[in-house]
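Peer 1: Have a look; sequence and predicted model below, questions after that.
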Amino acid sequence: MRLTRYFLPVLKENPAEAQIVSHRYMLRAGMIKQQAAGIYSWLPLGYRVLRRIEEIVHEEQVRAGHIPLLMPTLQPADLWRESGRYDAYGPEMLRLKDRHEREMLYGPTNEEMITDIFRAHVSSYKDLPLTLYHIQWKFRDEMRPRFGVMRGREFLMKDGYNFDIDRDAALHAYNRHMVSYLRTYERMGLTAIPMRAASGPIGGDDTHEFLVLAQTGESEVFYDDRVTALKLGDRQIDYDDRAQVAEVCREFTTLYARTDETHDPALFDQIPEAHRKVGRGIEVGQIFYFGTKYSAALGATVVTASGEKVPVEMGSHGIGVSRLLGAIIEASHDDRGIIWPEGVTPFPVGIVNLKQGDGAADAACERLYGMLKAQGLEPLYDDRDERAGAKFATMDLIGLPWRLTVGPRGLAAGKVELTCRRSGASEEMSPEAAVDRLTEIYAAHR
Ligand code: 5CA
């Protein structure tokens, strides 16, 4: 992408309405524009990151054996009357009527609708296990929408629903979600800690929230700081292997880690003093096991191998897809701007031409541009007729992890400069070597 042909409306000044760094940088980097309280347009740069995050979520869900579909944003009120949540949900639910005076709502979540799909088409244990999910816009009329996409009213969520024959199978689905979420967040460059939590309006017996530690987080958290060192790394997971999946979950949930709703001071005191931490976190996902709460209410039953008709066992599992952009920026930035992890960056590399209009510099940039694209690494080429300082400031603000700087002096020696956004370290090398290096770096993130 050439910057002169792109749409990147960066702001020079700090927007007064933004109280936290991620909101400030998303506005300044031209990623989002507020259209109403808690409702945003996704401008091209923000939309690229959003799509990248969606892609990772899809890949990891499919890897875990879960099946994508797409449900609508608008739902009939009657379906929610069956579960009793139409009245229980309260003012956070956006209610509306169509031209025939039929009551509708903009979905805040989809337990009822997915159960309706299930009961229409599945009636035998032979069709289980089944986990369906979608990535769709939700609406919750939050009392205090704030912090940009972090607490929006309209926001993008991945929500998945498992259907299983018995409690053991449903707990395996719960564990599978935990492991697939850990992998998802790790690929985004995040450490998200599963913490025992409270279930709120979704209901249920067992629930964990995934929290990214950050001073600006909305939740107070209590944890043994040794949890922050746990990593999945590149270990192979067989999602059908109940024992292996359960063992990984045990590894990640044995050390104390709880939100304020489930915090137990007596247990917390048993942690060695040096490891006992109180902090704040951003909730980027939550998983729930709730058994037959919705299937019993909506009559979603299956016939077992012995011919008995039972309500299907269920759970639901959500990832805050749009919130993740804010969480990643909170976790990865400096005073000049965003620092995207390679896994989610909108462009893998930026090219800065120090002397636009100089024949040799222009030609070298064009060549680099072509070589990178041929490797599947679409660069953002700053081809504006601007001072070098302004180009560097824009690149630092929008946070591409790597920058290639091309100027007449380096080119005279056959060199361009490759700079790492995170460390600031620069190295001069031939254009070919730079492309090889970037290809290698990104091979690990595909
Ligand atoms: N049905 C269940 C799981 S599918 C559910 O709705 N869970 S939830 O309420 O915990 O939401 C899932 C995730 O969506 C949260 O962990 C959070 O990351 C994100 N989320 C919730 N509310 C908002 C909001 N107002 N703005 C942005 N993201 C939100």
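Peer 2: All right, it came through fine.
Peer 1: OK, now which residue of the protein is nearest to the ligand?
Peer 2: The chain approaches the ligand most closely through Gly320 (2.2 Å), counting by CB to the nearest ligand atom. Using the backbone N, CA and C atoms, a C-beta is placed for each residue, glycine as well.
Peer 1: Identify the residues contacting that residue.
Peer 2: Applying CB atoms under 8 Å, 6 or more residues apart in numbering to Gly320 gives the contacts Phe155, Met157, Glu283, Val284, Gly285, Ala327.
Peer 1: before we move on, what about Tyr106?
Peer 2: Tyr106 makes contacts with Thr73, Leu74, Gln75, Met93, Leu94, Leu96, Lys138, Phe139, as judged by CB under 8 Å, 6+ apart.
Peer 1: Out of the residues you listed, which end up buried?
Peer 2: The neighbour count (16 or more other CB atoms under 10 Å) marks Gln75, Met93, Leu94, Lys138, Phe139 as buried among the contacts of Tyr106.
Peer 1: pretty sure the first one is in a helix, no?
Peer 2: Looking back up the chat, that one is Gln75. No. Gln75: not assigned to a helix; according to DSSP: H, G, I helix; E, B strand; the rest coil it is strand.
Peer 1: Please list all residues in contact with the closest residue to it other than its chain neighbours.
Peer 2: Take Gln75 and drop its neighbours on the chain: the residue closest to it by CB to CB, 6 or more residues apart in numbering is Gly107, 4.9 Å away. For Gly107, the contact set (CB under 8 Å, 6+ apart) comprises Met71, Pro72, Thr73, Leu74, Gln75, Met113, Gln136, Lys138, Phe139.
Peer 1: Run a quick check on the last one versus Thr73, I expect a contact.
Peer 2: Yes. Look at Phe139 against Thr73 with CB atoms under 8 Å: they come within range, at 7.3 Å.
Peer 1: Show me how the record splits the chain into domains.
Peer 2: 3-338, 349-443 (automatic domain parsing).
Peer 1: Now render those domains as CSV, adding mean pLDDT.
Peer 2: Below are these laid out as CSV (pLDDT from 0 to 100):
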stretch, mean pLDDT
domain 3-338, 97
domain 349-443, 98
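Peer 1: Flag every residue of the protein that's near the ligand.
Peer 2: Contact residues, the chain versus the ligand (CB under 6 Å from any ligand atom): 109, 111, 140, 142, 151-152, 155, 157, 159, 202, 283-286, 288, 316-318, 320, 322-323.
Peer 1: Can you say which of the residues you listed are buried?
Peer 2: Buried among those by 16+ other CB under 10 Å: 109, 111, 140, 151-152, 155, 157, 159, 202, 283-286, 288, 316-318, 320, 322-323.
Peer 1: Now, the residues you listed that are in strands?
Peer 2: The strands, defined by DSSP state E, take in Phe155, Met157, Asp159, Glu283, Val284, Gly285, Gln286, Phe288, Ser316, His317, Gly318, Gly320 from these.
Peer 1: Which one of the residues you listed is nearest to Gly189?
Peer 2: Proximity of these to Gly189 (CB to CB) peaks at Val284, which lies at 12.4 Å.
Peer 1: residue ranges of the helices in this protein, please?
Peer 2: Ranges of helices within the chain are 21-28, 44-63, 77-83, 85-88, 111-121, 167-187, 242-253, 265-268, 293-298, 321-331, 359-374, 388-398, 408-412, 431-443, based on DSSP state H.
Peer 1: most neighbours per residue, which of the ones you listed?
Peer 2: Of all the helices of the chain, helix 321-331 has the most neighbours on average by mean count of other CB atoms under 10 Å, namely a mean of 26.
Peer 1: That one vs helix 167-187, what angle?
Peer 2: Angle of helix 321-331 versus helix 167-187, following axes from the mean of the first three to the mean of the last three CA atoms, to 10 degrees, is 50 degrees.
Peer 1: now could you export just the CA positions of helix 321-331 as PDB?
Peer 2: Extracted in PDB, the C-alpha atoms of helix 321-331 (Å, rounded to 0.1, in the frame of the first residue of the first chain):
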ATOM      1  CA  VAL A 321     -12.600  -9.300  19.400                       C
ATOM      2  CA  SER A 322     -12.900  -5.500  19.100                       C
ATOM      3  CA  ARG A 323     -11.800  -5.000  22.800                       C
ATOM      4  CA  LEU A 324      -8.600  -6.900  22.000                       C
ATOM      5  CA  LEU A 325      -7.300  -4.000  19.900                       C
ATOM      6  CA  GLY A 326      -7.400  -1.800  23.000                       C
ATOM      7  CA  ALA A 327      -6.000  -4.500  25.200                       C
ATOM      8  CA  ILE A 328      -3.000  -5.200  22.800                       C
ATOM      9  CA  ILE A 329      -2.200  -1.500  22.700                       C
ATOM     10  CA  GLU A 330      -2.400  -1.100  26.500                       C
ATOM     11  CA  ALA A 331       0.100  -4.000  26.700                       C
END
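Peer 1: next one: phi and psi at the nearest residue to Arg48 once chain neighbours are set aside?
Peer 2: Leaving aside its sequence neighbours, Arg48 sits nearest to Pro346 (CB to CB, 6+ apart; 3.8 Å). When read as degrees, to the nearest 10, the backbone of Pro346 gives phi -70, psi -30.
Peer 1: how close does Pro346 get to His134?
Peer 2: Separation of Pro346 from His134 (CB to CB, to the nearest Å): 24 Å.
Peer 1: what about these two, which has more around it?
Peer 2: Pro346 (24 against 19; other CB atoms under 10 Å).
Peer 1: shouldn't the more buried one be in contact with Pro379?
Peer 2: No. In this structure Pro346 lies outside contact range of Pro379 using CB under 8 Å: 11.2 Å.
Peer 1: Quick check, Met150 in contact with Leu324.
Peer 2: No. Using CB under 8 Å, Met150 is not in contact with Leu324, being 9.7 Å away.
Peer 1: What number of neighbouring residues does Gly200 come out with?
Peer 2: So Gly200, with other CB under 10 Å, has 11 neighbours.
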